[in-house]
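Novice: Quick one, fold the following:
(chains A and B, ligands or ions: 1)
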Amino acid sequence: MDLTLTPKHRALREEVDAFIAAHRGAAPRPGGGRKRPDRKALDWQALLLEHGYFARTIPREYGGFGAPHDVIELAIIADAFSRAGISPGIHNQGISMLVPTLLEVGTEEQKRRWIGPTIRGEVIWCQGYSEPGSGSDLAAAQTRAAVEDGHFVINGQKIWTSSAHFADMMFLLCRTEPEQPKHAGLSYLLVPMNAPGIEVRPLRTMTGRAEFNETFFTDVRVPVDQIVMGRGQGWHVANVTLKYERLLLGDPNKLQQRFEAIRRMMEQPGAEGSRLLDRAEWRDRLLRLQGEVMAARHHNLRLLTEQAEGVDSGLGRFIVKYHGTMLAHRLASLALDAMGSSGLPYEPQGEAAEDDAATTWQIDYMYDIGLIIGGGSSNIQKNIIGERGLGLPREPKAAAPAGRN
Amino acid sequence: MRFGLTEDQLLFGRSLRGFLADRLPLDALRRLAEPGTGFDAELWRGLGELGLHGLLVPEEHGGAGLGMLDAALAAEALGYHAAPAPFAAALVMAVQAFRSAGDAEQQGQWLPRIAEGQARIGLGFAGLAGQTGRAALRLEGGRLSGALDGLMDGGDATHFLAYLPDGRAALIEAGAPGVTATLRRSVDRTRALVDLDLAGAAPVALLQSSNDPLAAARRVRDAGRVMLAADTLGAAQNMLDRAVAYANERVQFGRVIGSFQGVKYMCADMATMLEPCRAMVWYAAYAQDAVPEEAAMVASHAKAHLAEVGREVARLATEVHGGMGFTDLLGLHYQFKRITFDRQVLGGPERCRHDAAVAQGWIAA
Ligand SMILES: Cc1cc2nc3c(=O)[nH]c(=O)nc-3n(C[C@H](O)[C@H](O)[C@H](O)COP(=O)(O)OP(=O)(O)OC[C@H]3O[C@@H](n4cnc5c(N)ncnc54)[C@H](O)[C@@H]3O)c2cc1C
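Specialist: From the prediction side, this is the model:
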């Protein structure tokens, strides 16, 4: 354990603070990721990349900043942005899930081609995993891709595809080796969303907006080299992506941003002139959550350190998604309670306009439940924690193929 | 001693639930919820035919003269089906307000109109009940000015009953000069909130006959809290029922998901939390009529407890449905949002528990 800040770290902290002070006017609102980044978000992203506050450790030849891995640096940057309540850049499925997947298992050519435009926010990705009959049981996916004259020809249906209505590309899990056992028959393809034969139908969610979709494939052709790793290795690649998805879904910096927003809200005097922070029962709720967010942030530093040292964190990593999404739900719950009846008016805007604060919290509160379900539900996480993390035996029906793990 | 419902009450609950199930299939609910007014003339008429309008209105004023327990059963049924119909404020709290603070003439004039379904009264409480938002009303020279946010049952209301900080309540006509009512579509589209701006509006009645107006106002608040607790009970029961049904159908890993202990335990947890709530709501309702010394305490506790249980059930039942639960497709979210709404109006759990402590004399108000 060595958390001493070197002069270099102190300089970085001052540099980031000065950057935020100088540029905060140019920052979009934190959040997003459920809409295509607009000009403001793209410009902000470019600025962050240029200064190395985003994609800091991604090699320069792939469009990153190319700094050596230093957990303290990453923490200093994340901390400065969440303290200031300022967007730390774009977080979407391409950036947080596909990019690290390609870095881990992609070819040199794939890294050079896709990482740069993805982290700049120019290429938006969606995730084609779930199907009507295979959600938790992801390996049961039935969407087929047959090989014909140098192409995969894809037929089938995906569901709950977030962002498909504005995505440029999809990373798709599909069955290419139907004669192989369940898990060995899958491949992971990179599919342009404008390919002929793809139809995207929006699905309304409980928020009242269509944040995800059904995606239909009819004879969609993709060159055979648009595959990550080899045929039949899709289950392995899909799980690399899931590993990053689950870390994203439990992101403690997002939790910290939320916590700060709620603290600011509870510091404001309410209609009766008193502040919620002055009331013991409210303060205690906030303090409990602060403690948990603190633990999550420190835990994250530990995980990042282990990752940089090439250690697989195992249990420490398996708990992140379940822990983080439940904590996010409880933070949003407190925000709703703090707003009380004046937080109920609800007018979600389309893609163009920003939502008001109350509507945003209500959406977060509902979306958090979506995130408790998506990316492998809490129950699936608990199975993984118990079975892979703690070494407990699998469910009685031992012959049943494993799920998302 | 008997702790349970009568035959009549069981019958009443069943027929109301049957009516609502018939009138509110999902496509109808979607259509009625869209405008966010929490009101539909046809549904309102139908509920009137079942005797809902005059449920609590004494017989001499044209009502059925039933009690709070009957009203709670109605609230539960409305919550179960997420019915876009004014109830807690318009048909329970308003009646209670007239009965506890209206003079004989006011009661004779207004209670029959409520019972006939002609007066639909939105009601605003502000600070007295822990509502947040603007709450600054002044009565000067018989005229009412200022702002009051978050009136319940205010969508398409004919009148508004606005509580003053001293516990008196002013009834004003919706379209009268100096009255600006702004509909706020709430996250629960089956119930609206209205923000009221008043500029010298002339009340048509001032309810001030109680010798302790604040105590009278608290009784109205407590009646409302019991109704919201009952509404959450119904909505949460609906979500549990549907989760169990879904867990019996949906197959993953070659098994019905209800056969996974994880899913079974979620359902069992919901049931364990919710079952005792039923008796709690019954007692809280009964106490409003029969146990005055406990009425305030149990009403606040029921509201707070149901809000906590409701939130858990809302999340768990949605989780059991997987991605399907997060969509609009099954309409499960109508009950989810109903529970969200019930929690935040008339004081959240912290405020309600505070009031329960006050009611027991543990702390000063
Ligand atoms: C907001 C949101 C965004 C999403 N975005 C995407 C996306 O972009 N791309 C994509 O491909 N998918 C996406 N999904 C889909 C998501 O991955 C699935 O919803 C999730 O994996 C659950 O699958 P399911 O919906 O089929 O539920 P089911 O698998 O039917 O699960 C229903 C219930 O059964 C439980 N269950 C299932 N199996 C077991 C078991 N073995 N043990 C115990 N309990 C079990 C689950 O925990 C759940 O509570 C998204 C979902 C949501 C809600």
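Novice: Give me the nearest residue to B:I339, chain neighbours excluded.
Specialist: Ranked by Cβ to Cβ, 6 or more residues apart in numbering or on different chains and with sequence neighbours excluded, the top spatial neighbour of B:I339 is B:G310, at 4.1 Å. Bear in mind the C-beta positions are built from the backbone N, C-alpha and C, glycine included.
Novice: tell me the domain ranges of the chain?
Specialist: Using chain A. Described in terms of automatic domain parsing, the domain architecture of chain A consists of the residue ranges A:7-91, A:125-234, A:250-389.
Novice: meant chain B, my bad for not saying
Specialist: Each domain of chain B is listed here as a residue range: B:7-115, B:121-207, B:213-359, per automatic domain parsing.
Novice: What about B:L228, how many residues nearby?
Specialist: Other residues lying near B:L228 total 31 when counted by other Cβ atoms under 10 Å in any protein chain shown.
Novice: ok, the residue in the stretch 101-250 of chain A positioned nearest to the ligand - contacts?
Specialist: Distances from the stretch 101-250 of chain A to the ligand, computed as Cβ to the nearest ligand atom, single out A:G135 as the nearest residue at 1.7 Å. With contacts defined as Cβ atoms under 8 Å, 6 or more residues apart in numbering or on different chains, A:G135 is in contact with A:160, B:252, B:322-323.
Novice: so is A:P396 in a helix, a strand, or just coil?
Specialist: Each residue gets one of three states, and A:P396 gets coil by DSSP: H, G, I helix; E, B strand; the rest coil.
Novice: That one and A:I115, how far apart?
Specialist: With distances taken as Cβ to Cβ, to the nearest Å, A:P396 is found 44 Å from A:I115.
Novice: between these two, which one's more packed in?
Specialist: Between A:P396 and A:I115, counted using other Cβ under 10 Å, A:I115 has the larger neighbour count: 26 against 9.
Novice: doesn't A:V99 make contact with the more buried one?
Specialist: Yes - in this structure, A:I115 sits in contact with A:V99. The criterion is Cβ atoms under 8 Å, and the distance is 5.4 Å.
Novice: Now do the shared contacts for those two.
Specialist: A:I58.
Novice: OK, contacts around the residue nearest to B:I339?
Specialist: For B:G310, the residues meeting the contact criterion (Cβ under 8 Å, 6+ apart) are B:232-233, B:235-236, B:339, B:342-343.
Novice: how many neighbours does the residue in chain B that the ligand sits nearest to have?
Specialist: Of all residues in chain B, the one sitting closest to the ligand is B:G322 (2.1 Å; Cβ to the nearest ligand atom). B:G322 sits with 22 neighbouring residues when counted by other Cβ under 10 Å.
Novice: B:T37 belongs to a helix?
Specialist: No - membership of B:T37 in a helix is not supported by three-state DSSP, which gives coil.
Novice: What residue, apart from its backbone neighbours, is nearest B:D166 spatially?
Specialist: Excluding its sequence neighbours, the residue lying closest to B:D166 (Cβ to Cβ, 6+ apart) is B:P213, at 6.0 Å.
Novice: cool, and A:P192?
Specialist: The spatial neighbour of A:P192 that comes closest, neighbours along the chain excluded (Cβ to Cβ, 6+ apart), is A:M169 at 5.8 Å.
Novice: mind checking pLDDT for that neighbour?
Specialist: The score at A:M169 is 98. That number is its pLDDT.
Novice: and if you look at A:P252?
Specialist: The model's pLDDT for A:P252 equals 92.
Novice: Ok, A:G32 next?
Specialist: Confidence at A:G32, expressed as pLDDT, is 59.
Novice: And the strands in chain A, which stretches?
Specialist: Counting by DSSP state E, chain A forms strands over residues A:125-128, A:144-148, A:151-162, A:169-175, A:186-192, A:198-203, A:212-223, A:227-228, given from the N-terminal end onward.
Novice: just to revisit the earlier point, let me know the closest of the contacts of B:G310 to chain A.
Specialist: Closest approach between those and chain A, by Cβ to the nearest Cβ: B:R343, at 7.6 Å.
Novice: Go ahead and confirm B:D197 touches B:T180.
Specialist: Yes - with the criterion set as Cβ under 8 Å, B:D197 and B:T180 qualify as a contacting pair; they are 4.3 Å apart.
Novice: Same drill for these two, tell me which one is more crowded.
Specialist: For the pair B:D197 and B:T180, the greater number of neighbours falls to B:D197 (16 against 11), based on other Cβ under 10 Å.
Novice: how close does the more buried one sit to chain A?
Specialist: Separation of B:D197 from chain A (Cβ to the nearest Cβ, to the nearest Å): 15 Å.
Novice: what about that residue, distance to B:A169?
Specialist: B:D197 is 18 Å from B:A169, where distance means Cβ to Cβ.
Novice: cool, and B:L78?
Specialist: B:L78 sits 24 Å away from B:A169, taking Cβ to Cβ as the criterion.
Novice: Could I get the domains of chain B in a markdown table, plus columns for mean pLDDT?
Specialist: Listed next are these as a markdown table, based on pLDDT from 0 to 100:
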| stretch | mean pLDDT |
| --- | --- |
| domain B:7-115 | 97 |
| domain B:121-207 | 94 |
| domain B:213-359 | 97 |
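Novice: Is it correct that B:A199 falls within a strand?
Specialist: Yes - under the criterion used here (three-state DSSP), B:A199 sits inside a strand.
Novice: can you pull the contacts of it?
Specialist: Taking Cβ under 8 Å, 6+ apart, one finds B:145, B:178, B:180 in contact with B:A199.
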